[in-house]
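Peer 1: Pasting the sequence and the predicted model now:
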Amino acid sequence: MQALILAAGVGKRLRPITEKIPKCLVEVNGTPLIINQLEALSNHNEIKEVIIAVGYKQEMIKNKIGNYYNGIKITYVSNDSYDKTNNIYSLWLAANKIREDFILMEGDIYFEHKLLNIIFQNRNKNIMLVSKYQSYMDGTVIEINEGDRKVKKLIPSSNQGKDFNYINTYKTLNIYSITYNFFSKYFKPNIDLYIKTHGTNSYYELILGVLIYLNTPDIEARIVEDTKWYEIDDLNDLNVATYMFSEEKDKIKQISNLHGGYWRFDFIDFCYLFNLYFPSETLYCKLAHELTQLVNNYPSAQHNIATLLSRWYKEKEFTEKNLIVGNGASEFIRILNKNMVNKITIPVPTFNEYENQLPKEKINYYQLKEDNDFCIDKSEFIKSIRNSKSNFAVIINPNNPISTITRKEDIEYIIKSLRTIDGIIVDESFIDFTMDRDKFSVQPLIKKYKNLIVLRSLSKEFGIPGLRIGYIVTTNERVKSKIKEHLPIWNINSVAERFIELFIKYREGYIESIKKISEDRRYLYTGLKSIDYLKPFKPYANFVFCKITNNRLNSEKLTEKLFIKYRILIKDCSNKTSLENKRYVRISVRKRRDNFKLLNALKEINVNNV
């Protein structure tokens, strides 16, 4: 039996990695894609020869593999037109080397070796390996007769329109077992005809699709269910494959380094903070219906977007003149840090972005004390700002990662006492979760205090971290001028702008979503209080900050245990300034079902066995 690996392509979407090496030599946890394939093939004595179609940087492949691999003969076929052709041409070039039944696979698939057992258990058949379609998958899908597993239709991605129904489809792995009889009588003649009449820049799946449509000898699907595999086309795919095939203890470190994109992975995210009840399905459908138009148009300029946002609140100071809309809150934090901060007083622990991009000599840390439940002591805070000669100070309210609240009157007392400094940033990214915005928000005070800068990310409360929307509201002309000076003309995308415009129609649904989160928070907080090795602090945001009270356990071990055994990710707060002793974790509030799973997992963890 032979095998054919198609590995001629450039792999443009994997640049810059593939600027130096061919795609098939890209490594997953230290093992090149094609080496993993050859290792898997060499586990089966039936394989006597592997044909490799090479093109881009082919000498590197030949030098890496040689003419034999683990006793298997290696034959190379060169596609010197790799940059002008596609896989149908590479297959056509190799066709004359095929003399018997063979396994066909593409050089960008990484898989567990046992995957090939499916093929060798179904010898003398035309087999297509497939998996049930998942939302992250891309490329050709098929439909099968569930009774006899025969492939009845092959649908390339070009035929999968916006209304395409994936419910009963399966994704091809691009690994096939093909009998020589089928190849010589049907597959190869049709490839010959296609290249003669249509050229070389197409895919062999097109020919398979036609043969299936014409009811040529049966091609059967074999569904891969309990074996890991991944097709690697771009850097995100490489990240997922690296995670998927890592040792369990290494996975959490890789996930933490990604800082997002978690929808691709198999865990429950109790780390990132956002509203799971909003936007509503109706609002999503509205945006989805308009997506083509939104993507095909530039967003408005800053003043128009600020005007749309100014309709959200009735406060007379919340106007287009005082508002600046940003690409999340981080955009504003960096502009202020780089261009206006001489020295800033930051209560710690805090949101790390306020410390990033600043040298240590520009930061005055104000230590929040545990015996005061990590709340700001206004007199001590004022004293620290003055003594450090800070020209800026920040208050996150509610605090991240602690979830404590500072009373509105205390913040106003601080501002009154510090009228001469350039700016007091009050970050209200979690303010609606307090359930009493009017009581705690200082946004209405911006006209009264010129050095007050209210900053807000909309990601958390409004459930839109992917849209990246935030705003600053202030009457400080110098601050507004400096921020606008460093913003591009289009810093907000059209989808985000449309969300801002639509929100007021869905305000009641948003208010209900906050109420639901408050109920879930109460349930989670009550449950966490029953865990004998945790001390949860009373939360005012959509997360609960906890101290680990048993010396046998620390935040790193707890985070690792939850992830490896239960596929639950929480935030280890060891990277927070002043919390380096690995005793603290942050747990976001999710819906009741997920909160129940977390609490059960925490109860099952035996501290003595960690």
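Peer 2: Received it, and whenever you're ready, just let me know what you need.

Peer 1: Going by C-alpha atoms from here, please, whenever you check contacts or count neighbours.
Peer 2: OK.

Peer 1: do you know how far S429 is from I51?
Peer 2: 58 Å (CA to CA, to the nearest Å).

Peer 1: How about I411?
Peer 2: 72 Å.

Peer 1: before we move on, what about N168?
Peer 2: 34 Å.

Peer 1: try Y449
Peer 2: Relative to I51, Y449 is positioned 75 Å away (CA to CA).

Peer 1: Give me the contact list for the one helix or strand S131 maps to.
Peer 2: Under the criterion DSSP states H and E, the helix or strand holding S131 is strand 127-132. Strand 127-132 is contacted from outside by 119, 169-178, 219-225, using CA atoms under 8 Å, 6 or more residues apart in numbering.

Peer 1: In terms of neighbours, single out the busier of S429 and I51.
Peer 2: Neighbours per residue, other CA atoms under 10 Å: of S429 and I51, the larger number sits with S429, 25 against 21.

Peer 1: what's the pLDDT at that one?
Peer 2: The score at S429 is 95. That number is its pLDDT.

Peer 1: From E19, how far off is it?
Peer 2: Distance of S429 to E19, computed by CA to CA: 42 Å.

Peer 1: before we move on, back to that, in helices only, show me the contacts of strand 127-132.
Peer 2: I119 (DSSP state H).

Peer 1: What subset of the contacts of strand 127-132 is buried?
Peer 2: For the contacts of strand 127-132, a burial check counting by 16 or more other CA atoms under 10 Å picks out 119, 169-178, 219-224.

Peer 1: From those residues, which land in strands?
Peer 2: 170-178, 220-223 (DSSP state E).

Peer 1: Make JSON lines from these and add pLDDT to it.
Peer 2: JSON lines is the format used below for those (pLDDT from 0 to 100):
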{"residue": "Y170", "pLDDT": "85"}
{"residue": "K171", "pLDDT": "87"}
{"residue": "T172", "pLDDT": "85"}
{"residue": "L173", "pLDDT": "89"}
{"residue": "N174", "pLDDT": "89"}
{"residue": "I175", "pLDDT": "92"}
{"residue": "Y176", "pLDDT": "92"}
{"residue": "S177", "pLDDT": "92"}
{"residue": "I178", "pLDDT": "91"}
{"residue": "E220", "pLDDT": "83"}
{"residue": "A221", "pLDDT": "81"}
{"residue": "R222", "pLDDT": "85"}
{"residue": "I223", "pLDDT": "84"}
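
Peer 1: Max pairwise distance over the residues you listed: which two?
Peer 2: Distance extremes for these: the farthest pair is Y170 and I178 at 19.0 Å, using CA to CA.

Peer 1: buried ones in the lowest-mean-pLDDT helix or strand in the chain?
Peer 2: Using mean pLDDT, DSSP states H and E, helix 248-258 stands out as the lowest-scoring helix or strand of the chain, at a mean of 76. Residues 251-252, 255 are the ones in helix 248-258 that count as buried (16+ other CA under 10 Å).

Peer 1: average model confidence for the helix or strand harbouring S379?
Peer 2: Under the criterion of DSSP H and E, S379 resides in helix 378-388. Mean per-residue pLDDT for helix 378-388: 97.

Peer 1: residues in contact with it?
Peer 2: Contacts with helix 378-388, where a contact means CA under 8 Å, 6+ apart, come from 343, 345, 364, 366, 393, 410-411, 413-414, 417-418.

Peer 1: Quick check: phi and psi on the residue lying farthest from the centre of the chain?
Peer 2: In the chain, K185 marks the outermost C-alpha relative to the chain mean, sitting 46.0 Å out by CA atoms, centre = their mean. Note on K185: backbone dihedrals following degrees, to the nearest 10 are phi -90, psi -30.

Peer 1: With T179 as the reference, measure out to it.
Peer 2: Separation of K185 from T179 (CA to CA): 10 Å.

Peer 1: Mind listing what's buried along stretch 76-94?
Peer 2: Buried residues in stretch 76-94 (16+ other CA under 10 Å): 76-79, 82, 85-92, 94.

Peer 1: just checking, next helix/strand downstream of the strand holding S131?
Peer 2: strand 141-144.

Peer 1: counting contacts, what elements does that following strand pack onto?
Peer 2: strand 151-155, strand 170-178 (3 or more CA pairs under 8 Å, 6 or more residues apart in numbering; DSSP states H and E).

Peer 1: hmm, back to that, including distance to N550, could the buried residues of helix 248-258 go into CSV?
Peer 2: What follows is these, written out as CSV (distance: CA to CA, whole Å):
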residue, distance to N550
K251, 25
I252, 23
I255, 27
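
Peer 1: Just confirm I21 is within a strand.
Peer 2: No: applying DSSP: H, G, I helix; E, B strand; the rest coil, one finds I21 to be coil, outside a strand.

Peer 1: ok, now which ones touch it?
Peer 2: 57, 60.

Peer 1: Look up the pLDDT of it for me, please.
Peer 2: pLDDT, I21: 94.

Peer 1: what's the answer for Y365, then?
Peer 2: The predicted local confidence for Y365 is 96.

Peer 1: ok, the residue nearest the centre of the chain to Y298 distance?
Peer 2: Nearest to the geometric centre of the chain sits G261, at 0.1 Å (CA atoms, centre = their mean). As judged by CA to CA, G261 and Y298 stand 25 Å apart.

Peer 1: what's around the nearest residue to G139 once chain neighbours are set aside, how many residues?
Peer 2: Nearest non-adjacent residue to G139, counting by CA to CA, 6 or more residues apart in numbering: S157, 5.0 Å away. The number of residues packed near S157 is 11, by other CA under 10 Å.

Peer 1: Next up, the contacts around S157.
Peer 2: S157 touches 138-141, counting by CA under 8 Å, 6+ apart.

Peer 1: phi, psi of it?
Peer 2: Dihedral angles of S157 (phi, psi; degrees, to the nearest 10) stand at phi -60, psi -30.

Peer 1: just for this structure, where's the confidence low?
Peer 2: 148, 258-259, 610 (pLDDT under 70).

Peer 1: Name the next helix or strand following the top helix by length along it along the chain.
Peer 2: Longest helix in the chain, counting residues (DSSP H): helix 507-529. Beyond helix 507-529 in the direction of the C-terminus, DSSP H and E gives the next helix or strand as strand 534-536.

Peer 1: what residues does the helix or strand following the helix holding S379 touch?
Peer 2: Per DSSP H and E, the first helix or strand lying C-terminal to helix 378-388 is strand 392-396. With CA under 8 Å, 6+ apart as the test, strand 392-396 has contacts from 341-347, 350, 385, 421-429.

Peer 1: do the same with stretch 526-545
Peer 2: By CA under 8 Å, 6+ apart, the residues outside stretch 526-545 that reach it are 273-275, 373, 398, 401-405, 430-431, 433-434, 517-518, 521, 525, 546-550, 584-589, 599, 602-603.

Peer 1: Fine by me, thanks again.
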